[in-house]
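Student: Generate a structure from the sequence data that follows.
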Amino acid sequence: MKVVIIGGVAGGATAAARLRRLDEKAEIIVLERSGYVSYANCGLPYYTGGVIKDKKNLTLQTPKSFWNRFRIDVRVRNEVVNINAKEKKVEVKKLDDGTLYEIDYDKLILSPGAKAIKPPLSGIDNELVMTLRTVEDSFKIHDFIENNSPRRAVVVGGGFIGLEMAENLMHKGIDTTLVQLDRQVMAPFDYDMACQIHSYLRSKGLDLRLNTKVLGFSESKDGQVEVLIEDQKAIVADLVIMAVGVIPDTGLAKGAGLELGRNGAIVVDEYMQTSEKDIYAVGDAVEIKSFISGNKTLAALAGPANKQGRIAADNIFGIKSKYRGTQASSVIKLFDMTAASTGLNETAAKAAGIAYDRVVSYSASHATYYPGAKNMTIKTLFVPESGKIIGAQIIGFDGVDKRIDVMATAIRAGLCASDLEEIELAYAPPFSSAKDPVNMAGYMIENIRAGLVKQYYWTDLENIPNEEGIVKLDVRTREEYSFGHMANTLNIPVDELRERMGELKGAKKIYVNCQSGLRSYIACRILSQNGFDCYNFAGGYGFYRYIAGDYNYDECPKHPCGLKI
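Tutor: Numbers count the residues shown, from 1 in each chain. The predicted structure is shown next:
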């Protein structure tokens, strides 16, 4: 058996190693057009920022180490320029001298990855406008910073690479502006959750400009680059990082006549097999399905790519492994903040036609009486009829990663909110609370499903009529209320509610809010058992203030009710 793999990094390198473990006699050739076959792609921004200091740490395997350990023939700076699927041959160009040669194969695995999007903007080819996708890109940016000591940089795009680059540029002492076309950064998050990220990044000194369109670039009189902005003054910078996203790099697949799908991605089946039976494809270049909705999607993530590489190798040697789809679990470090998501957000749930509801819970990372607890906001999406968990987003500091992993496991296992209530997680005061934030999300969902409380959301606020019989009730303390509140609200602290219920006589509907949603839930239970029709504000006033855009991010630990410790 002769297997040729086009592309290394996550999918291709994993497939190669798995192939060797399955068959000691197979001839395995990996062709990689860059100078590096297996590297820590996700670590590239941290090398440019000096967090990772030795460039050697970015390289996971080399052609020599692959040969010594696996007897795999790895050829870097060898670019495949054509695939002849009918004759089962690939044409290869040696980039060092330009010579061409052919290799035949029995099975072919495509792992070409994705390429950085370079929109057709004027001046996009200015040498000061750079992208970050490969090790070579990282070295170029790193060396430019070290040799030129730039004072001002602009990052275009607010996805993973854009935000990580902005953070690392700021770590180097560079005044940084991030320009985002849409109203939010981080597309995996819903807008209401992303607003917390916006507030936090600005508190760290990032000049974040949302709903802002870049028109092009021009050279300034001092040799810098001017970033031309629609309806704004141009930004003069020493360096620009374009990070507006990636697209599948599938020119070879198209030339070979393989079936292509969304965004030109390679169509594969559950065995990672393409429309040609002897060609498999893995990684960022393939179209896959959502594990939850079943819809076709793309996932430029290392985890899925590694799994797909292993599955392709299994099937080449007759092991019928299947890829069941992605739930797009991801996590990002933003200075000291951690933001993580898994499964569907509201946009994806709506697009898939899935009936859903959501809760926003507010928890500390561990017991608040133990020093060092930090805020954590969890948004959980669920199916109302069954309580099945279909998505989660968490923003906070310590403990975010372990909670999102529990949620990701719950989604993969098809667990419901009642399971989250009962799930038994490790507890000690430095690590968690006796009722873990994951348990709390389950309790809240089951309260809603049981009819113990009804919710309203920030998107409903403008539709609540100001008319007789409609009461907006704020149950925080008078002091809290004095610091800020929603318009046209009546303030009755929850601890006084039973005695002052007469003030609500004649109310047809009562919309209740507090700081985090806990006291307003208690108020709703009191009111509903006294005959009132009431609704609890999801997330509370503290959550709403980020959305309203008038709140600096507050890292101070708080009790579940939202009061500072």
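
Student: so Ser65, which of the three states?
Tutor: helix (DSSP: H, G, I helix; E, B strand; the rest coil).

Student: distance of it from Asn148?
Tutor: Ser65 sits 34 Å away from Asn148 when distances are taken as CB to CB, to the nearest Å. Where you see a C-beta, it was placed from the backbone N, CA and C, and this is true even at glycine.

Student: show me where pLDDT drops low in the stretch 51-200 of the chain?
Tutor: Scanning the stretch 51-200 of the chain with the threshold set as pLDDT under 70 gives no residue ranges.

Student: returning to that earlier point: neighbour count: Ser65 and Asn148, which is higher?
Tutor: In this comparison of Ser65 against Asn148, neighbours counted by other CB atoms under 10 Å, the higher total goes to Ser65 at 15 against 11.

Student: Could you find the closest non-adjacent residue to Glu27?
Tutor: Distance criterion CB to CB, 6 or more residues apart in numbering; nearest residue to Glu27, sequence neighbours excluded, is Lys2 at 4.4 Å.

Student: who's in contact with the one you found?
Tutor: For Lys2, the contacting residues are Ala26, Glu27, Ile29, Asp104, Tyr105, Asp106, Lys107, taking CB atoms under 8 Å, 6 or more residues apart in numbering as the criterion.

Student: check contacts around the first one.
Tutor: What that stands for is Ala26. When contacts are counted by CB under 8 Å, 6+ apart, Ala26 touches Met1, Lys2, Val3, Leu19, Arg20.

Student: Then Val92?
Tutor: Taking CB under 8 Å, 6+ apart, we find Val92 in contact with Leu31, Arg75, Asn78, Glu79, Val80, Val81, Leu100, Tyr101, Glu102, Ile103.

Student: where's the residue nearest to Glu27 relative to Thr459, distance?
Tutor: Between Lys2 and Thr459 the distance, using CB to CB, works out to 57 Å.

Student: do the same with Leu31
Tutor: Distance of Leu31 to Thr459, given as CB to CB: 51 Å.

Student: And these two? Which one has more around it.
Tutor: Counting neighbours by other CB under 10 Å for Leu31 and for Thr459 shows that Leu31 has the greater number, 23 against 12.

Student: wait, the more buried one sits on Val37?
Tutor: No. Contact criterion CB atoms under 8 Å: Leu31 and Val37 do not qualify, at 9.4 Å.

Student: For Lys94, give the beta-bridge partners.
Tutor: Beta-bridge pairing for Lys94 (DSSP bridges): Asn78.

Student: ok, it - contacts?
Tutor: When contacts are counted by CB under 8 Å, 6+ apart, Lys94 touches Arg77, Asn78, Leu100, Tyr101.

Student: of the residues you listed, closest to Glu385?
Tutor: Proximity of the contacts of Lys94 to Glu385 was ranked by CB to CB; the top entry is Asn78 with 54.5 Å.

Student: Assumed Gln184 was part of a helix.
Tutor: No. Note on Gln184: no helix contains this position according to three-state DSSP, which reports coil.

Student: Count the residues that sit near the closest residue to it other than its chain neighbours.
Tutor: Nearest in space to Gln184, with sequence neighbours left out and distances taken as CB to CB, 6+ apart, is Ala194 at 4.0 Å. Residue crowding around Ala194 was assessed by other CB under 10 Å; the count is 25.

Student: Met186 is in contact with Ala194, correct?
Tutor: Yes. Applying CB under 8 Å, one finds Ala194 in contact with Met186, separated by 5.5 Å.

Student: Residues in contact with stretch 254-270: which ones?
Tutor: Applying CB under 8 Å, 6+ apart, the contact partners of stretch 254-270 are 82-85, 110, 247-248, 250, 253, 274-276, 279-281, 285-288, 296-298, 322-324.

Student: hmm, back to that, in JSON lines, list the contacts of Lys94 along with neighbour count and distance to Val240.
Tutor: JSON lines is the format used below for these (neighbours: other CB atoms under 10 Å; distance: CB to CB, whole Å):
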{"residue": "Arg77", "neighbour count": "15", "distance to Val240": "28"}
{"residue": "Asn78", "neighbour count": "20", "distance to Val240": "31"}
{"residue": "Leu100", "neighbour count": "10", "distance to Val240": "36"}
{"residue": "Tyr101", "neighbour count": "10", "distance to Val240": "39"}
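
Student: If we only consider those, which is nearest to Arg412?
Tutor: For those, the closest approach to Arg412 (CB to CB) belongs to Asn78, at 37.9 Å.

Student: Who are the contact partners of the residue nearest to Gln184?
Tutor: Contact analysis of Ala194 by CB under 8 Å, 6+ apart lists Gln184, Val185, Met186.

Student: Which residue, neighbours along the chain excluded, lies closest to Ala434?
Tutor: The spatial neighbour of Ala434 that comes closest, neighbours along the chain excluded (CB to CB, 6+ apart), is Tyr427 at 5.6 Å.

Student: Could I get the pLDDT score of the one you found?
Tutor: Tyr427 carries a pLDDT value of 95.

Student: and it, how far is that from Val438?
Tutor: Counting by CB to CB, the gap from Tyr427 to Val438 is 11 Å.

Student: Give me the more crowded residue out of the two.
Tutor: For Tyr427 versus Val438, neighbours defined as other CB under 10 Å are more numerous around Val438 (25 against 14).

Student: Beyond the strand or helix carrying the more buried one, next helix or strand please.
Tutor: Element membership of Val438 [criterion: DSSP states H and E] is helix 437-449. The element immediately downstream of helix 437-449 (helix or strand, assigned by DSSP H and E) is strand 455-456.

Student: buried residues in the helix or strand following that following strand?
Tutor: Sequence-wise, the next helix or strand beyond strand 455-456 is strand 470-474, with elements assigned using DSSP H and E. For strand 470-474, a neighbour-count test (16 or more other CB atoms under 10 Å) marks Val471, Lys472, Leu473, Asp474 as buried.

Student: Find the nearest non-adjacent residue to the second one, please.
Tutor: Translated: Lys472. According to CB to CB, 6+ apart, the nearest residue to Lys472 is Thr489 (4.4 Å).

Student: wait, is Arg108 part of a helix?
Tutor: Just so we're on the same page, residue 108 is Leu rather than Arg. No. Assessed with three-state DSSP, Leu108 is strand; it does not lie in a helix.

Student: tell me the contacts of it?
Tutor: For Leu108, counting by CB under 8 Å, 6+ apart, the contacting residues are Val3, Val4, Ile5, Ile6, Ile83, Lys88, Val90, Asp278, Ile279, Tyr280.

Student: and the fourth one, what are its bridge partners?
Tutor: Spelled out, that is Ile6. In this structure, Ile6 has the following beta-bridge partners (DSSP bridges): Leu31, Leu110.

Student: Against Asn211, how distant is it?
Tutor: 40 Å.

Student: okay, the two: which has more neighbours?
Tutor: Ile6 (27 against 11).

Student: So for the more buried one, what pLDDT did the model give?
Tutor: Ile6 carries a pLDDT value of 97.

Student: follow-up on the earlier one: of the contacts of Leu108, buried ones?
Tutor: Those of these that meet the buried threshold are Val3, Val4, Ile5, Ile6, Ile83, Lys88, Val90, Ile279, Tyr280, by 16+ other CB under 10 Å.

Student: quick one: the fourth one and Ser111 touch, right?
Tutor: Yes. Here Ile6 reaches Ser111: they are 6.4 Å apart, a contact under CB under 8 Å.

Student: shared neighbours of the two, which are they?
Tutor: Between them, Ile6 and Ser111 share the contacting residues Gly12, judged by CB under 8 Å, 6+ apart.

Student: so where do the strands sit in the stretch 351-500 of the chain?
Tutor: Assigned by DSSP state E, counting those that start in this stretch, the strands in the stretch 351-500 of the chain fall at 357-364, 375-382, 389-396, 455-456, 470-474, 490-491.

Student: The fifth one - contacts with which helices or strands?
Tutor: With contacts defined as 3 or more CB pairs under 8 Å, 6 or more residues apart in numbering; DSSP states H and E, strand 470-474 has these neighbours: strand 490-491, strand 509-513.
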